[in-house]
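Asker: need a structure here:
(one chain, ligands or ions: 1)
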Amino acid sequence: MENDNYRHADLAVLTNSEFVVEQKWREVLDHFGLCPECGYTAHAFIATARHVDGTTKVMTVGSCGLPCGWSGPTEITKMTEN
Ligand SMILES: [Zn+2]
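Answerer: As a prediction, the model looks like this:
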């Protein structure tokens, strides 16, 4: 009975909702961060999810530059703070 709720299983980590109608990803080009699993340079993305009820949720997500499998919420750390 639960299967239909997991149509968006790959997005559920970010949005925990099946009501996402639009999702955009944008890479943070000047992000400077490291993978917490293997220490390699990690990429960062800003994920914007718009829900069917009109709410929008923005999350920052990190992804390892090596295929160690890590990805998860991260804080954007920019090299140019000023
Ligand atoms: Zn890694």
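Asker: list the contacts for Glu75?
Answerer: 33, 60 (CB atoms under 8 Å, 6 or more residues apart in numbering). From N, CA and C alone the C-beta is placed, and that goes for glycine too.
Asker: can you check Cys68 too?
Answerer: With CB under 8 Å, 6+ apart, Cys68 has these contacts: 35, 37-38, 40.
Asker: In which helix or strand does the most centrally placed residue in the chain reside?
Answerer: Centroid-nearest residue in the chain, with CA atoms, centre = their mean: Val61, separated by 3.2 Å. Counting by DSSP states H and E, the element that carries Val61 is strand 56-64.
Asker: wouldn't Cys35 be in contact with Leu66 here?
Answerer: Yes: with contact defined as CB atoms under 8 Å, Cys35 counts as touching Leu66 (7.2 Å).
Asker: who has more neighbours, these two?
Answerer: Cys35 (21 against 13; other CB atoms under 10 Å).
Asker: Show me what the nearest residue to the more buried one once chain neighbours are set aside bridges to in the sheet.
Answerer: Closest residue to Cys35 apart from its sequence neighbours, by CB to CB, 6 or more residues apart in numbering: Cys64 at 4.1 Å. Under DSSP bridges, the beta-bridge partners of Cys64 are Ala42.
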